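>>> Return atomic coordinates for the entry below.
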Amino acid sequence: MTQLTRDHLDSAGPLLLVPDAVLLPEGPVAGHAVVVADGSFRAVGPAGELARTHPHLDAVTLPGHLLMPGFVDAHHHLTQSFGSALAFGEPSEIFRRVWVPLEGALDEESAYAAAKLAALEALRGGFTTVTDAGTRADVDVDIVASAARDAGIRCVLGLVCNDVTGEAATAAEDAATTAAVLENAEKHLARYDGDPLIHASLAVSIPEAATSTTLHRTARLAAEAGAVVQIHVNEHLAGVERSLVRHGLRPLEHLHRIGALGPQLLAAHATLLTPRELTLLADTGTAVSYNPVASAWKGNAVAPATAMAERGIRFGLGTDGTRGDGFRLAEAAEFAQRIAYGLASGDSSCGAGWTWLEHATAGGADAVGLGARTGTVAEGLAADFLLVDLTTPELALSRDVPWELVRRGNRDQITAVFVAGDLRLWRGLPTGWDGPAFVRHAAQLARTAVEKAPITRVHPTSTAARQQSTAATAARQGSTPATAAQQGSTAR
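Reported below is the predicted structural model:
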């Protein structure tokens, strides 16, 4: 029997991995093993049985480790990573003031670097799949595909299909724009056929960014291709009100009226839902990306995810590019439900832990159209998985591993990340390429892009805000800022 080392895991041949436990849909199971070959789980079962049926393989024991499915990020914006430090303290609809200007300032080199930087952060956080909602950068979307592929992460790659620009145009020009958008959508869906890591998707930024024709047709194209179309839906009060003024219907209701709801639709956020809209989601099989950190940072509400789970509504968990840590995302999913709904109703369970872990993995894979390919440790599915160290102080005393992973797991407990059977990350560093050197290069490109972009922030930085607060306190007390700061320190 061989002990855990990177050399034995970083192998092109079949692997017989024997951890302390394997996280299966029914929970963690001790004494199980997996065989990984050709990018997939060739077998999953009792370790002794797999050793007998695969006598040609030397078992690699993984003492103190849990083998679990990789996390699926159901909503991301890979080319927005250069602006991640600009999002704090900002009100809703930040995309108009920060993301659109920033992505507009990216060229091919910086768009590639931004996407690869986001992919690296995701891998470090245990994500093996990211779902990109489409870039607004004026580059070929294949730049983003290349970045994800080079980083070694699975990517559901959206192509933006907006055809409403807000500019005055003739009916013929509008028709030509719509035709071009739909033609590009068809080409994009066919472009990545057979690609082991890139899965084509369509995207519309918000319902009012596309005509009813395009919303309907993209839904049908995605359904026919077995793909998903991603749309930000019912995220902010402003968007709901715009839809009511324009269509007399809320965004989700409008999509239903034109025939865009269905299993092919991935509705991002869906935080502002009426009881009727929950019924529409349940009846049509529409999927949702529940993005709890985005709700806390810049939202108007928290999606009723516990109610969705009870109603059988399909949903995954998404970061929205906030931070790439799968464990913290699962914790935020539970915590947001407890604060928004559980405390008021006396629900001390709020999904009992397993709900958020499941929707961060298998449920997320299903929501983004990859349920038959990844998200679960099961024979025939892609070998997208994590090796999690259970000997850390946070997890060593666990009596309920799923709850502990949700409440106390974090990315520094991830020893290894595998995507499509290949070791992509070892103890926080990518394999096969120099992660720290790349991060330094990306940081330089980010500074240039941010300086060039016409970004408008509502709030000052935290340092500037503190200075303003100190000055205001000093003015009220008739003292100097330095004296006020000292007084505050003494009071503390």
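
>>> Please, where are all the helices along the stretch 301-450 of the chain?
Using DSSP state H, counting those that start in this stretch, the helices of the stretch 301-450 of the chain run over 305-311, 326-337, 343-345, 354-359, 362-367, 401-408, 435-452.

>>> Could you work out which of those helices reaches nearest to residue 258?
Closest to residue 258 of those is helix 362-367 (CB to CB; 21.6 Å). No exception for glycine: its C-beta is placed from N, CA and C like everyone else's.

>>> Can you name the residues in contact with the closest one?
25, 69, 71-74, 129, 228, 266, 287-289, 314-318, 371, 373-376 (CB atoms under 8 Å, 6 or more residues apart in numbering).

>>> Figure out which of the helices of the stretch 301-450 of the chain is closest to residue 17.
Closest of those to residue 17 is helix 401-408, at 17.8 Å (criterion: CB to CB).

>>> Report the angle between the closest one and helix 326-337.
Angle, helix 401-408 to helix 326-337, by axes from the mean of the first three to the mean of the last three CA atoms, to 10 degrees: 80 degrees.

>>> Does anything pack onto helix 401-408? Which helices or strands?
Packing partners of helix 401-408 (3 or more CB pairs under 8 Å, 6 or more residues apart in numbering; DSSP states H and E): strand 15-24, strand 27-30, helix 326-337, helix 354-359.

>>> what about residue 146, how many residues close to it?
Residues contacting residue 146 under the criterion other CB atoms under 10 Å number 17.

>>> Can you check the pLDDT for it?
Looking at residue 146, its pLDDT reads 98.

>>> where's it relative to residue 106, distance?
Residue 146 sits 14 Å away from residue 106, going by CB to CB, to the nearest Å.

>>> ditto for residue 225
Residue 225 sits 28 Å away from residue 106, going by CB to CB.

>>> Who has more neighbours out of those two?
Just comparing residue 225 and residue 106: by other CB under 10 Å the higher neighbour count belongs to residue 106, 27 against 20.

>>> thought the more buried one was touching residue 137?
Yes - using CB atoms under 8 Å, residue 106 is in contact with residue 137, at 4.1 Å.

>>> Overlap of the contact sets of the two?
Taking CB under 8 Å, 6+ apart as the contact rule, the neighbours common to residue 106 and residue 137 are residue 79.

>>> So for residue 396, which of the helices and strands packed on helix 401-408 sits nearest?
Nearest of the helices and strands packed on helix 401-408 to residue 396, taken as CB to CB: strand 15-24 at 11.5 Å.

>>> thinking again about what came up before, buried deepest among the helices of the stretch 301-450 of the chain, which one?
Each of the helices of the stretch 301-450 of the chain was assessed for mean neighbour count using mean count of other CB atoms under 10 Å. The highest is helix 362-367, with a mean of 27.

>>> Could you find the closest non-adjacent residue to residue 262?
The shortest distance from residue 262 to any non-neighbouring residue, by CB to CB, 6 or more residues apart in numbering, is to residue 284 (5.3 Å).

>>> What distance do you get for the one you found to residue 223?
From residue 284 across to residue 223, the span is 12 Å (CB to CB).

>>> More neighbours: which of those two?
Neighbours per residue (other CB under 10 Å) separate residue 284 from residue 223, with residue 284 holding more: 18 against 15.

>>> For the host helix or strand of residue 121, buried residues please.
Using DSSP states H and E, residue 121 falls within helix 108-124. Of all the residues in helix 108-124, those buried under the rule 16 or more other CB atoms under 10 Å are 110-124.

>>> give the contact list for the residue nearest to residue 262.
Neighbour list for residue 284: 256, 261-263, 265 [criterion: CB under 8 Å, 6+ apart].

>>> what two of those residues have the greatest distance between them?
The most widely separated members of those, counting by CB to CB, are 256 and 263 (13.7 Å).

>>> More neighbours: which of the two?
Legend: neighbour count by other CB under 10 Å for residue 256 and residue 263, higher for residue 256 (21 against 17).

>>> That one belongs to a helix?
Yes - assessed by DSSP: H, G, I helix; E, B strand; the rest coil, residue 256 belongs to a helix.

>>> ok, so what distance separates it from residue 178?
As judged by CB to CB, residue 256 and residue 178 stand 21 Å apart.

>>> For stretch 87-103, measure first residue to last.
Distance across stretch 87-103, first residue to last, is 14 Å (CA to CA, to the nearest Å).

>>> switch to numbering from 40
With 40 as the first residue, the last one maps to stretch 126-142.

>>> I would like the residues contacting that stretch, please.
Outside stretch 126-142, the residues within contact range by CB under 8 Å, 6+ apart are 116, 118-119, 121-122, 125, 150, 174-176, 244, 274-278, 336-339, 361, 488-489, 492-498, 501, 504.

>>> next one: stretch 365-384
109-110, 112, 164-166, 329, 331-332, 334-335, 340-341, 343-346, 356, 358, 362, 386-390, 392, 394-396, 398-399, 444-446, 448-450, 452.

>>> Next one: residue 448, what pLDDT does it get?
Confidence score, pLDDT, at residue 448: 96.

>>> Can you get me a residue count around it?
Close neighbours of residue 448, defined as other CB under 10 Å, add up to 28.

>>> all helices in the stretch 40-189 of the chain, in order from the N-terminus.
Using DSSP H, counting those that start in this stretch, the helices found in the stretch 40-189 of the chain span residues 45-48, 86-92, 133, 139-143, 147-163, 181-190.

>>> so can I have a markdown table of those helices showing distance to residue 479?
Below are the helices of the stretch 40-189 of the chain laid out as a markdown table (distance: least, CB to CB, whole Å):
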| stretch | distance to residue 479 |
| --- | --- |
| helix 45-48 | 23 |
| helix 86-92 | 43 |
| helix 133 | 27 |
| helix 139-143 | 20 |
| helix 147-163 | 11 |
| helix 181-190 | 16 |
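
>>> Buried members of the contacts of stretch 365-384 into PyMOL, please.
Remark: buried members of the contacts of stretch 365-384, expressed as a PyMOL selection using 16+ other CB under 10 Å:
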select buried, resi 109+110+112+164+165+166+329+331+332+334+340+341+343+344+345+356+358+362+389+390+392+394+395+396+398+399+444+445+446+448+449+450+452
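
>>> ok, back up a step: including secondary structure and distance to residue 200, could the contacts of residue 323 go into JSON lines?
Formatted as JSON lines, the contacts of residue 323 follow (DSSP: H, G, I helix; E, B strand; the rest coil; distance: CB to CB, whole Å):
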{"residue": "295", "secondary structure": "helix", "distance to residue 200": "19"}
{"residue": "300", "secondary structure": "coil", "distance to residue 200": "17"}
{"residue": "301", "secondary structure": "coil", "distance to residue 200": "16"}
{"residue": "302", "secondary structure": "coil", "distance to residue 200": "18"}
{"residue": "304", "secondary structure": "strand", "distance to residue 200": "13"}
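
>>> any idea which of the residues you listed is the one closest to residue 94?
Nearest member of the contacts of residue 323 to residue 94, counting by CB to CB, is residue 302, at 43.1 Å.

>>> For that closest one, which residues are in contact?
The contact partners of residue 302, taken as CB under 8 Å, 6+ apart, are 262, 323-326, 353.

>>> Phi, psi for residue 467 please.
Per-residue torsions, residue 467: phi 90, psi 0 (degrees, to the nearest 10).

>>> now it, nearest residue through space, not along the chain?
Spatial nearest neighbour of residue 467, chain neighbours left out: residue 163 (5.7 Å); criterion: CB to CB, 6+ apart.

>>> OK, contacts around that neighbour?
Residues near residue 163 by CB under 8 Å, 6+ apart: 363-364, 450, 453, 464, 467.

>>> of all the helices and strands packed on helix 440-447, which lies closest to residue 193?
Of all the helices and strands packed on helix 440-447, helix 365-376 sits nearest to residue 193, with 13.6 Å by CB to CB.
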